[in-house]
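**Q** curious how this folds, go ahead:
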Amino acid sequence: MTEATTHDLICPLWRRLLALLYDVVAVLAIVMVVGLLCQLATHGQLITNGAQVRIAWWYQPLQALVVAAYFVVSWLRGGQTLGMRPWRIRVTNDHGAALTLRQTLVRVLVAALPLLLLLLAPAFGLRTALWAVACAWGLWFVAALFGSRGQAVHDLAAGSEVRRIG
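**A** Numbering: from 1, shown residues only. Purely as a prediction, here's the structure:
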């Protein structure tokens with residue numbers, strides 16, 4: 001594939017962000033269903049109120065695993081999430097082939113790294129921590145504006161790129 005042809009297939013950042021917005025809706029639905037199932041399984045004791053709100057220790061890791069599985073399975077099975085389909089984009093390796101399991105795991109872990117900034121919430125407040133996460137994700141995607149192949153930080157780490165199809 002020539003350089004001009006490869007460049008023509010690179011997905012513009014605005015299209016990726018709109019697809020991500022669609023995926024946020026899908027992820028919220030998944031999180032709500034998992035939350036409902038966990039509430040039913042614990043007979044309403046998943047989250048308890050007292051002097052402090054307490055959440056079962058396993059709940060947030062479970063939610064993280066389920067959300068990560070949504071992305072990993074989607075990228076392994078056709079290279080598209082639900083949000084990527086209407087925008088006709090697909091994630092591939094640097095050569096246009098399907099991602100490996102290792103690449104999908106690296107991609108999802110690096111994309112999720114800014115969530116570690118939520119650990120700042122007890123010291124600086126939830127609002128500050130959420131802004132820190134949003135700024136970090138902004139930096140992750142700004143990289144796509146400067147690279148010739150439109151790769152965000154998680155794409156650079158995984159050796160992947162998002163391409164237009166059709």
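
**Q** for the biggest helix by length in the chain, packing partners?
**A** In the chain, assigned by DSSP state H, the helix with the most residues is helix 13-41. For helix 13-41, the contact count by 3 or more CB pairs under 8 Å, 6 or more residues apart in numbering; DSSP states H and E identifies helix 59-76, strand 89-93, helix 126-146 as packing neighbours. Any C-beta I mention is one placed from the backbone N, CA and C, and that applies to glycine too.

**Q** quick one: buried residues of that helix?
**A** 13, 15-16, 18-20, 22-23, 27, 34, 38 (16 or more other CB atoms under 10 Å).

**Q** hmm, back to that, out of the helices and strands packed on helix 13-41, which gets nearest to residue 120?
**A** Residue 120 sits nearest to helix 126-146 of all these, at 4.4 Å, using CB to CB.

**Q** got the angle for the closest one vs helix 13-41?
**A** Helix 126-146 and helix 13-41 are oriented at 140 degrees to each other (axes from the mean of the first three to the mean of the last three CA atoms, to 10 degrees).

**Q** check which residues of helix 126-146 are buried.
**A** 129, 132-133, 137, 140-141, 143-144.

**Q** residues making contact with that helix?
**A** Residues from elsewhere that reach helix 126-146, judged by CB atoms under 8 Å, 6 or more residues apart in numbering: 13, 16-17, 111, 113-115, 117-121, 150-156.

**Q** what about this structure, any weak spots by pLDDT?
**A** For the chain, the stretches with pLDDT under 70 are 1-8.

**Q** residue 64 is in contact with residue 31, correct?
**A** No. Between residue 31 and residue 64 there is no contact under CB atoms under 8 Å: 10.0 Å.

**Q** count of neighbours near residue 153?
**A** Neighbour count for residue 153, taken as other CB atoms under 10 Å: 20.

**Q** distance check, it against residue 145.
**A** Here the distance between residue 153 and residue 145 works out to 12 Å (CB to CB, to the nearest Å).

**Q** cool, and residue 58?
**A** For residue 58, the distance to residue 145 equals 39 Å [CB to CB].

**Q** do the same with residue 125
**A** 30 Å.

**Q** stretch 108-123: end-to-end distance?
**A** Criterion CA to CA, to the nearest Å; first-to-last residue distance in stretch 108-123 is 27 Å.

**Q** so can I have JSON lines of the helices and strands packed on helix 13-41 showing distance to residue 162?
**A** As requested, the helices and strands packed on helix 13-41 are arranged in JSON lines below (distance: least, CB to CB, whole Å):
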{"stretch": "helix 59-76", "distance to residue 162": "10"}
{"stretch": "strand 89-93", "distance to residue 162": "5"}
{"stretch": "helix 126-146", "distance to residue 162": "8"}
